[in-house]
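In: What follows is a predicted protein model with its sequence.
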Amino acid sequence: MGRSMTVLLTGATGFLGEYLLAELLERGHSVWCLYRSEPRKLDTIRFLSSIGLPRSADSLHWFQGEILDAADRWKSWCQEYQGLEDVDTLLNAAASTRLHLDAYGEPLRTNLGSAKVLRKLVEIKPMQVHLFSTAYVCGLIQGKLMYEVDHPRGDFVNVYEESKWEAEQIWMGDATILRPAVIVGHSETGRCSSFSGWYILFQAVHLLDRLIGDSSEFNRHDLRIDIPADPEGTINMISVDWVAKAAVRIIENPENHNKIFHLTHPSPPTHQWTLDLICRRFNLNGFRFAGVGSPFTQPRNRVERMVWRQMQTILLHFSNDPLFDRTNTERAVPDLPAPVIDEQRVKKLIDYAIEVDWGQSAH
Ligand SMILES: NC(=O)c1ccc[n+]([C@@H]2O[C@H](COP(=O)([O-])OP(=O)(O)OC[C@H]3O[C@@H](n4cnc5c(N)ncnc54)[C@H](OP(=O)(O)O)[C@@H]3O)[C@@H](O)[C@H]2O)c1
């Protein structure tokens, strides 16, 4: 490990942020967390306590604020919070993860807005900058290898990906760009607080399972549902604990600074493998991957309609199938293999998701 960092961490109360914070503390760094809500901060403190952190009261500090005010309020924050001016590293994990534009202009407002504001902040307070983006800034791609480079503007699946691409453009060459795949729960416990992306298919089938129940109206073993995707296609998924570990190790080494890293899985499961597992898990059958671009089976009844509505958000993800080069990542963290995705691990992820009702119940 290199020198100890004093990190300004944004998004510490988020799904990934909690694990980043734990990893930074675990490895002896000091952290200043920008947070918005007291209850979210308390949840994060509870999580840290549950894993025996922080070890020293001096290593963790909190200051309340909104990332979009960071440049304007920096001087007053430094007066209010003694020691904040000592930060030397900015790790930005705050973002809006809404996929589509809402009435408040999210996710553009936060994701693009923060990229601009943080540039201003770094003019006032120079720091080494590391930003979380997403591997899917490449846009819609079929089976082509995407390198850890600045991509030209792509055909984006949603506004979220576009907002992350735009944010990258503002920082390209002047910040480390960390591009995770779809982040899933902890590799050992399955713990997760954000059930989007990869989880939505499982959630839709779980919903279908509950709605069908014992009804004689449906034959749960012959559903005859076509999904417009390639069975050999993949959604690249990666465990949250691995992303946090890899990110912290990468930013600790100055040789990695201002480069791009794909925090992706080297061998993600195929759609067919995942679907077979889902069918076994919920004792359902009759789904078929009908190939990219094929018409999606029209809902024939109220149950299917509800499930489709749930799945609409990820249909495009199913037809997006980039492969991710990991040269920079493998060079930076050669001794940190990504956790293998096998049936047992996926079962843990799903059991946890069901236990917390896909994030609806407190855990
Ligand atoms: N989750 C994934 O599958 C995935 C995949 C690839 C990349 N990423 C990237 O990884 C990073 C972390 O994602 P995540 O899944 O941990 O997201 P998350 O669970 O939604 O957490 C987002 C964090 O950002 C904070 N935040 C949002 N807007 C803010 C604002 N205006 N001012 C201050 N803080 C703000 C949130 O604070 P509150 O707690 O107050 O809401 C929360 O702490 C993001 O950059 C995301 O784009 C995520």
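Out: Perfect, thanks for sending it. Keep in mind that this is a model prediction, so the values were computed, not measured.
In: Every contact and neighbour count from this point should use C-alpha atoms.
Out: OK.
In: in which helix or strand would I find residue 284?
Out: Assessed by DSSP states H and E, residue 284 sits outside every helix and strand.
In: Could you measure from it over to residue 73?
Out: Going from residue 284 to residue 73 by C-alpha to C-alpha, to the nearest Å gives 55 Å.
In: Who has more neighbours out of these two?
Out: residue 284 (19 against 14; other C-alpha atoms under 10 Å).
In: give me every residue that touches that one.
Out: 209, 220-223 (C-alpha atoms under 8 Å, 6 or more residues apart in numbering).
In: rerun at 6 Å
Out: Going by C-alpha atoms under 6 Å, 6 or more residues apart in numbering, residue 284 touches 220-221.
In: What of the one 10 residues further on?
Out: With contacts defined as C-alpha under 6 Å, 6+ apart, the neighbours of residue 294 are residue 228.
In: That one is in what secondary structure piece?
Out: Per DSSP H and E, there is no helix or strand for residue 294.
In: just residue 121 next, same as before
Out: Per DSSP H and E: helix 108-124 holds residue 121.
In: which secondary structure elements does that helix contact?
Out: helix 70-80, helix 159-171 (3 or more C-alpha pairs under 6 Å, 6 or more residues apart in numbering; DSSP states H and E).
In: so where do the strands sit in the protein?
Out: 6-10, 30-35, 60-64, 89-92, 128-132, 142-146, 176-180, 182-184, 225-227, 237-239, 260-263, 287-289, 321-324 (DSSP state E).
In: Run through the protein and note the low-pLDDT ranges.
Out: For the chain, applying pLDDT under 70 flags the ranges 1-2, 295-297, 303, 307, 310-314, 316, 362-363.
In: Compute the number of surrounding residues for residue 116.
Out: 16.
In: From residue 112, how far off is the residue lying closest to it once chain neighbours are set aside?
Out: Setting aside the residues directly before and after it, residue 116 is nearest to residue 170 in space (C-alpha to C-alpha, 6 or more residues apart in numbering), at 7.1 Å. According to C-alpha to C-alpha, residue 170 stands 9 Å off from residue 112.
In: Just want to know which of those two has more residues nearby.
Out: When residue 170 and residue 112 are compared for neighbours, residue 112 comes out ahead with 24 against 15, by other C-alpha under 10 Å.
In: What sits closest to that one if chain neighbours are left out?
Out: residue 167 is the one closest to residue 112 (C-alpha to C-alpha, 6+ apart), at 5.2 Å.
In: That neighbour and residue 119, how far apart?
Out: Per C-alpha to C-alpha, residue 167 is found 11 Å from residue 119.
In: Which of these two has more residues huddled nearby?
Out: residue 167 (21 against 17).
In: and that one, how far is that from the ligand?
Out: 10 Å (C-alpha to the nearest ligand atom, to the nearest Å).
In: circling back: what's the helix holding residue 121 in contact with?
Out: So helix 108-124 is contacted by 68, 71, 95-96, 163, 167 (C-alpha under 6 Å, 6+ apart).
In: Could you check how far the closest residue to residue 152 other than its chain neighbours is from the ligand?
Out: In space, and not counting its chain neighbours, residue 152 is closest to residue 138: 7.8 Å by C-alpha to C-alpha, 6+ apart. With the distance defined as C-alpha to the nearest ligand atom, residue 138 ends up 12 Å from the ligand.
In: farthest residue from the center of the chain?
Out: residue 216 (39.5 Å; C-alpha atoms, centre = their mean).
In: The ligand contacts on the stretch 1-150 of the chain?
Out: Those residues of the stretch 1-150 of the chain that sit near the ligand, judged by C-alpha under 6 Å from any ligand atom, are 11-17, 35-37, 40, 66-68, 93-97, 110, 132-134.
In: Can you show me the helices along the stretch 201-350 of the chain?
Out: 240-252, 271-282, 302-319, 327-332, 343-355 (DSSP state H, counting those that start in this stretch).
In: Residues touching the second one, excluding its own?
Out: Helix 271-282 is contacted by residues 231, 233-234, 285 when judged by C-alpha under 6 Å, 6+ apart.
In: if we go to 10 Å?
Out: Residues outside helix 271-282 that contact it (C-alpha atoms under 10 Å, 6 or more residues apart in numbering): 198, 201-203, 205-206, 208-210, 220-221, 229-235, 283-289, 318, 342-343, 346-347, 350.
In: hmm, which two among the contacts of helix 108-124 are most spread apart?
Out: Spanning the widest gap among the contacts of helix 108-124 are 71 and 163, at 20.2 Å by C-alpha to C-alpha.
In: so who does the closest residue to residue 24 other than its chain neighbours touch?
Out: Nearest non-adjacent residue to residue 24, counting by C-alpha to C-alpha, 6+ apart: residue 248, 6.6 Å away. Counting by C-alpha under 10 Å, 6+ apart, residue 248 makes contact with 20-21, 23-24, 27, 29, 91.
In: Residue 221 is in contact with residue 283, isn't it?
Out: Yes. Contact criterion C-alpha atoms under 10 Å: residue 221 and residue 283 qualify, at 7.6 Å.
In: Buried ones among the contacts of helix 271-282?
Out: For the contacts of helix 271-282, a burial check counting by 16 or more other C-alpha atoms under 10 Å picks out 198, 201-203, 205-206, 208-209, 220, 229-231, 233-235, 284-285, 287-289, 318, 346, 350.
In: can you pull the contacts of residue 169?
Out: Applying C-alpha under 10 Å, 6+ apart, the residues contacting residue 169 are 112, 115, 150-153, 163.
In: Distance to residue 335 added to the contacts of helix 108-124, as JSON lines?
Out: Output for those, formatted as JSON lines (distance: C-alpha to C-alpha, whole Å):
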{"residue": "68", "distance to residue 335": "37"}
{"residue": "71", "distance to residue 335": "38"}
{"residue": "95", "distance to residue 335": "29"}
{"residue": "96", "distance to residue 335": "32"}
{"residue": "163", "distance to residue 335": "32"}
{"residue": "167", "distance to residue 335": "30"}
